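> The sequence and its predicted three-dimensional model are supplied below.
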Number of protein chains: 2
Amino acid sequence: MDAMLDTEGKESSATHGAYRRLREMILTGELPPGQKLKIEQLRGLLDTGASPVREALSLLTSDMLVERIDQRGFRAAPVSKSNFEEILLLRCNLEETALRASIANADAAWEDRLVLRHHHMKKASQNGAHDFEDAHKAFHMALLDNAKLPLLLRYCSQLYDLNIRYRYLAAGGSSYKKRDISAEHQQILDAALDRDADSATGHLIDHYRRTGEYLSSQMDS
Amino acid sequence: MDAMLDTEGKESSATHGAYRRLREMILTGELPPGQKLKIEQLRGLLDTGASPVREALSLLTSDMLVERIDQRGFRAAPVSKSNFEEILLLRCNLEETALRASIANADAAWEDRLVLRHHHMKKASQNGAHDFEDAHKAFHMALLDNAKLPLLLRYCSQLYDLNIRYRYLAAGGSSYKKRDISAEHQQILDAALDRDADSATGHLIDHYRRTGEYLSSQMDS
DNA sequence: ATGTCAAATAATATCGATATTTTTGGAGAC
DNA sequence: GTCTCCAAAAATATCGATATTATTTGACAT
């Protein structure tokens, strides 16, 4: 007597579905920063019960994409320039730590994973922006995950998502020029494969700072 | 027709109450690491409904004190030596960043807060261990909060709590010797008041490393 | 006009019950 | 004796309804 509309055969759970859908909507700006998130409204939008919605919102609180106001419901996390700058700062700090640790643990299997992810990313860049975003994140996380520091990786992943949100908000996802991001990625990859930690972290941080400055300028408008 | 048993006049909310209570139980080890957290069981323990328990567990997931296993409920987060060491590593990294930023923003109001927190901590050390823990955390967070980096502060606070849990687990909360923690705190405070970032961060990290090594040795047993 | 208070409205938080899923336990086959 | 499979039990996930709490509205007094 229940609707079973998802064609995916992977994760069936009303809560998880609501979580992923809401996450997507907040990241892309479909649910704008600061917006009140009323249960009823979302219940209609995702056509599911109130409990899964509630729980999904609780989970999104962990990711700092949703704020809970004690007896007053939920709202999409607000944005600000200072928040953006803090995200950038922390990313540079944490990702440098993670990348250095990853390189310290470098082995053939990791190199294979890196090359693969990089290839997938290049391939996906010809498809839709959505595919590219996923592959881009996968590449960046692959750079870091060989550190074998799960907490650190989790923080980096969280911050990555928070940052991507600003990219969507600033540019509608499009104006995010190809610039020469592709070359930057290649430099990072090569340095990582050479196991040159200084060069790899240098390029990585440049990569972030450059994107950061670009977005920061967009935000002044 | 509802029970209103809390004598506190501050935060009334079944969810929030359950959250605080469960958090306490997990931090102190009353709910041991890895233990299955069955809704019914907790519902009885906290005498409240299933929904608040469920939501409290969701919130504790953010704090990494509870793990969610997709269609199989919740469990208290497991512990391991490598997890402990990662926490220590990240704490040293993040708190150094935060403390340096705090000192860079130093002003009279911050100094006042620091002195006050330090005083309260000393006073509380004569009372129960529970009071001391709260005051101790308040002092450490006061050292960091002048950085005005809310995300960073949140991470530091999370990691602080994860660490305190290991202290409870290793020592039952007691053997955590007074050592000369008091002197160490004084050194950190003095250096911060002098606005000597190198000295302050040095003492702070020493403080953590020393406690870390002590706990680490306890864990080999 | 303006500010305050009370009733009406809307939204959240919570409960109790049901449907789904996982886990357990035991009967039968090899 | 061990393994497989099916039924029984337990636990989770979800729903629908109610009680609580916040917010708005409008009347009244100043």
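Sure thing, it's come through.

> any idea how far chain B is from the residue most central in space within chain A?
Among the residues of chain A, A:Asp161 comes closest to the average C-alpha position under CA atoms, centre = their mean, at 2.5 Å. Taking CB to the nearest CB, to the nearest Å as the criterion, A:Asp161 is separated from chain B by 13 Å. Yep, even glycine has a C-beta here, placed from its N, CA and C like the rest.

> One more: A:Met25?
19 Å.

> Next up, the contacts around that residue.
By CB atoms under 8 Å, 6 or more residues apart in numbering or on different chains, the residues touching A:Met25 are A:Leu31.

> Off-centre distance for the one helix or strand it maps to?
Using DSSP states H and E, A:Met25 maps to helix A:14-28. Relative to its chain's centre, helix A:14-28 lies at 13 Å (CA atoms, centre = their mean, to the nearest Å).

> Could you do stretch A:50-61 as well?
Distance, centroid of stretch A:50-61 to centroid of chain: 19 Å (CA atoms, centre = their mean).

> Checking my notes, A:Phe139 in a helix, right?
Yes - using DSSP: H, G, I helix; E, B strand; the rest coil, the secondary structure at A:Phe139 is a helix.

> Do you know the pLDDT at the nearest residue to it once chain neighbours are set aside?
Nearest non-adjacent residue to A:Phe139, counting by CB to CB, 6 or more residues apart in numbering or on different chains: A:Arg117, 4.3 Å away. At A:Arg117, the pLDDT value in this model is 97.

> need the contact list for A:Arg117.
Counted by CB under 8 Å, 6+ apart, A:Arg117 has contacts A:135, A:138-139, A:142.

> what about stretch A:191-203, near chain B?
No - Stretch A:191-203 is not in contact with chain B by CB under 8 Å from any CB of the partner chain; minimum separation 14.0 Å.

> what does stretch A:96-113 give?
Yes - using CB under 8 Å from any CB, stretch A:96-113 reaches chain B at A:Thr97.

> can you pull the buried residues of that stretch?
By neighbour count on 16 or more other CB atoms under 10 Å in any protein chain shown, the buried set for stretch A:96-113 is A:96-99, A:101-103, A:106, A:110, A:113.

> Pick the one among those closest to B:Ala200.
A:Thr97 (20.8 Å; CB to CB).

> how about the closest one, what does it touch?
A:147, A:152, B:93.

> Quick check: the gap between the nearest residue to the first one once chain neighbours are set aside and A:Leu143.
Put plainly, it is A:Ala147. Of all residues not flanking A:Ala147 in the chain, A:Ala101 sits nearest, at 3.5 Å (CB to CB, 6+ apart). To A:Leu143, A:Ala101 is 11 Å away according to CB to CB, to the nearest Å.

> Could you do A:Gln158 as well?
16 Å.

> More neighbours: which of the two?
A:Leu143 (26 against 20; other CB atoms under 10 Å in any protein chain shown).

> Pretty sure the residue nearest to A:Phe139 sits in a helix.
Yes - under three-state DSSP, A:Arg117 falls within a helix.

> what about it, distance to chain B?
Look at A:Arg117 and chain B: by CB to the nearest CB, they are 24 Å apart.

> hey, C-alpha coordinates of the host helix or strand of A:Ile103 in CSV?
Secondary structure from DSSP H and E places A:Ile103 in helix A:81-104. Extracted as CSV, the C-alpha positions of helix A:81-104 are listed here (Å, rounded to 0.1, in the frame of the first residue of the first chain):
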residue,chain,number,x,y,z
LYS,A,81,31.2,36.3,3.1
SER,A,82,32.9,35.7,6.4
ASN,A,83,31.5,32.2,6.4
PHE,A,84,32.8,31.6,2.9
GLU,A,85,36.2,32.9,3.9
GLU,A,86,36.3,30.6,6.9
ILE,A,87,35.5,27.6,4.8
LEU,A,88,38.3,28.5,2.5
LEU,A,89,40.8,28.9,5.4
LEU,A,90,39.9,25.7,7.0
ARG,A,91,40.0,23.8,3.7
CYS,A,92,43.5,25.0,3.0
ASN,A,93,44.6,24.0,6.4
LEU,A,94,42.9,20.6,6.6
GLU,A,95,43.4,19.5,3.0
GLU,A,96,47.1,20.3,3.2
THR,A,97,47.4,18.1,6.3
ALA,A,98,45.4,15.3,4.6
LEU,A,99,47.3,15.5,1.3
ARG,A,100,50.6,15.3,3.0
ALA,A,101,49.5,12.3,5.0
SER,A,102,48.1,10.7,1.9
ILE,A,103,51.4,11.2,0.1
ALA,A,104,53.3,9.8,3.1
